[in-house]
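Colleague: Everything below, folded, please.
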Amino acid sequence: MQNIPQTSEKRRRTITRVIIATSFCSSFLGSAVNIVVPSMSADLNVSAGTIGWIITVYSLTTCGLSVPFGKLADSTGKNRVFLLGLSLLCLSSLACFLVNSFSLMLVMRILQGTGASMIFATNTAIIVACYPPQQRGAAIGRMLSGTYVGLACGPVLSGFINHWFGWHSIFLIVALAVGLSLIPAIIHLPWREDLPSRGSGRRQDISGIFLFIVMICCTMFGFASIGAGWWPWALIFCGIVLGALFVRTELRSSDPVIDVRIFRTTPVYTLSNLAALFNYAAIFSVSYFMSLYLQLDLGFDSQTAGLILISTPLMMSLLTTRAGALSDRIPPYKLASAGMAVSAACLAFFALVGHGTPLWAVICGLLTAGVGSALFSSPNTSSIMSCVDQAHYGVASSVLATMRTLGQTSGIAITTIVVNARLGSLTLQQASLEQFEGTMHFCYWIFTGICIVGTFMSLQRKRT
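Modeller: I've put the predicted structure just below:
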């Protein structure tokens, strides 16, 4: 990719704003729909179980297609894939505003996920290519701030928009925001790029792409459906088998979609991605259980609980950029390991909260969780991107995005297994306070252990 000249500071800032805005919109769409599912179910006249596909297909598409589009971006140009992704996300969001059919909405959500995967596959790569090495950490931090704010604001803003304007308006606002971002993106991101030479006569790794997509879909859908019987475990097993076939195929390919050899030859790259997987799996539990705790244990309504929970992403958005800037001067593994350790301590604290815990202590815990995530995310991303050359920025960016989604899905699966094992057929409303707190504490101790393992894993990067 053709780097933006270092003298073109104004141009770099414009591109960064576009990346932040589109990262916000892509993440926002992943969390905003959750809270309006009841309204969508009533308007589209489908059951509560069926309407869940509106959420599932977006996640599956985003995770399954990120790496293939990252590979395409490395071979054909990151700007092209990014601009096409923006256009697709804008048009599909506008279509979601206009349609009133479940089947058409499902198709549009798949197209939205496709556009989002094209953005996730290229946004980090574009940021890294735009900035010199000594400024990349801060730029990555700004981009991640947009992602975190989007995830956090999704439920809050969509609830407000749905209340006053209806759930269709959520997609209209996203379409307008992405459309406005598309204009400066077209102006400042050239369609033609100077791509690193990759040799001639290489065939596209079609079999590898197919195996990867099916592997990710089987694994994610299996994890997301745990508790529904034996078939989710069968899907997870199929995902593992397909993963082994994928690795074998990539080792034989002359131009693999993922060069799996890098995981063996570059331990820092492997450890950084695994640390991301562990971190996102553990941190998922903070917002999930604290939301239930604030409502079921402390008696707050959902709106008040949502406002309290903003403490974590607010702190993340405020500190992620600064943590990224620090990673330009301090070895990233030190900051990332410190962030993981802070997260472990925070999860251990949540494993001790109960009915008598004061609200101010809970809020301090949520703020601390934001500090831990901020210290980890952008330095860890900088560490990953520094392990690959310019020709592989797209795949490295998309692999990290896949780790984030797989981590969150794994966190959901672990939580589902524990809740089913401890509460059985009881709903959260039917369970006693002691049963709910015991289940919450058990999960938090599990995720504390995951974070501790992730911390030691992150520290191993010093040796390599």
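
Colleague: rest of the way, CA atoms for contacts and neighbours
Modeller: Will do.

Colleague: mind listing what the nearest residue to residue 135 once chain neighbours are set aside touches?
Modeller: Nearest non-adjacent residue to residue 135, counting by CA to CA, 6 or more residues apart in numbering: residue 328, 6.5 Å away. In this structure, residue 328 makes contact with 133-138, judged by CA atoms under 8 Å, 6 or more residues apart in numbering.

Colleague: repeat that with 7 Å
Modeller: 134-135, 137 (CA atoms under 7 Å, 6 or more residues apart in numbering).

Colleague: try residue 212
Modeller: Going by CA under 7 Å, 6+ apart, the list of residues near residue 212 reads residue 246.

Colleague: element containing it?
Modeller: Element membership for residue 212 (DSSP states H and E) is helix 206-224.

Colleague: and the very next helix or strand once past that helix, average pLDDT?
Modeller: Per DSSP H and E, the first helix or strand lying C-terminal to helix 206-224 is helix 231-252. Averaged across helix 231-252, the pLDDT comes to 88.

Colleague: And stretch 161-177, by the same measure?
Modeller: 87.

Colleague: This structure: strands as residue ranges?
Modeller: With DSSP state E, there are no strands along the chain.

Colleague: Domains in it, by residue range?
Modeller: 1-190, 205-254, 260-464 (automatic domain parsing).

Colleague: that older thread, among the contacts of residue 328, which are in helices?
Modeller: 134-135, 137 (DSSP state H).

Colleague: Just among these, which is most surrounded?
Modeller: residue 137 (30 neighbours; other CA atoms under 10 Å).

Colleague: ok, how many other residues are close to the closest residue to that one other than its chain neighbours?
Modeller: Nearest residue to residue 137, sequence neighbours excluded (CA to CA, 6+ apart): residue 324, at 4.1 Å. For residue 324, the tally of surrounding residues (other CA under 10 Å) stands at 31.

Colleague: contacting residues around residue 324?
Modeller: Counting by CA under 7 Å, 6+ apart, residue 324 has contacts 137-138, 140-141, 378-379.

Colleague: any chance of the ones in helices among the contacts of residue 328 in CSV, plus distance to residue 366?
Modeller: Formatted as CSV, the ones in helices among the contacts of residue 328 follow (distance: CA to CA, whole Å):
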residue, distance to residue 366
134, 31
135, 29
137, 25
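
Colleague: and of those residues, the nearest to residue 384?
Modeller: The closest of the ones in helices among the contacts of residue 328 to residue 384 turns out to be residue 137 (CA to CA; 11.3 Å).

Colleague: For that closest one, give its distance to residue 381.
Modeller: 8 Å (CA to CA, to the nearest Å).

Colleague: swap in residue 121?
Modeller: 13 Å.

Colleague: Also residue 306?
Modeller: Applying CA to CA to residue 306 and residue 381 gives a distance of 28 Å.

Colleague: Check residue 78 too.
Modeller: 18 Å.

Colleague: So which of the two has more stuff around it?
Modeller: residue 78 (33 against 25).

Colleague: Quick check, that one in contact with residue 123.
Modeller: No - judged on CA atoms under 7 Å, residue 78 makes no contact with residue 123 at a distance of 8.6 Å.

Colleague: what stretches of the stretch 51-200 of the chain score poorly on pLDDT?
Modeller: Counting by pLDDT under 70, the stretch 51-200 of the chain contains low-confidence residues at 152, 155, 193-200.

Colleague: cutoff 80 now
Modeller: Applying pLDDT under 80 to the stretch 51-200 of the chain flags residues 51-53, 55-56, 74, 133-138, 145, 147-149, 151-160, 162-163, 190-200.

Colleague: Let me see the ranges of the helices in it.
Modeller: Along the stretch 51-200 of the chain, counting by DSSP state H, counting those that start in this stretch, helices occupy 53-76, 78-98, 102-120, 123-130, 133-165, 168-188.

Colleague: What residues does residue 247 make contact with?
Modeller: residue 260.

Colleague: now swap in the one 3 residues further on and tell me
Modeller: Counting by CA under 7 Å, 6+ apart, residue 250 touches 208, 256, 258-260.

Colleague: hmm, which of those residues are the buried ones?
Modeller: 208, 256, 258, 260 (16 or more other CA atoms under 10 Å).

Colleague: Kindly provide the distance from residue 22 to residue 174.
Modeller: Counting by CA to CA - residue 22 and residue 174 are separated by 9 Å.

Colleague: And for residue 117?
Modeller: Distance from residue 117 to residue 174, by CA to CA: 16 Å.

Colleague: Please identify which of those two sits among more neighbours.
Modeller: Between residue 117 and residue 174, counted using other CA under 10 Å, the more crowded position is residue 117 (31 against 22).

Colleague: so that one makes contact with residue 68?
Modeller: No - in this structure residue 117 lies outside contact range of residue 68 using CA under 7 Å: 9.2 Å.

Colleague: residues touching the spatially closest residue to residue 408 that is not a sequence neighbour, list them.
Modeller: Counting by CA to CA, 6+ apart, residue 408 lies nearest to residue 281, which is 4.8 Å off, once chain neighbours are set aside. Residues in contact with residue 281 (CA under 7 Å, 6+ apart) are 407-408, 410-411.

Colleague: Could you rerun that using 10 Å?
Modeller: Residue 281 makes contact with 275, 403-414, 447, 450-451 under the criterion CA atoms under 10 Å, 6 or more residues apart in numbering.

Colleague: mind checking how far it is from residue 461?
Modeller: 20 Å.

Colleague: One more: residue 67?
Modeller: 24 Å.

Colleague: which of those two has more neighbours?
Modeller: residue 67 (30 against 19).

Colleague: Correct me if wrong: that one contacts residue 392.
Modeller: No - when contacts are counted by CA atoms under 10 Å, residue 67 is not listed as touching residue 392 (11.1 Å).
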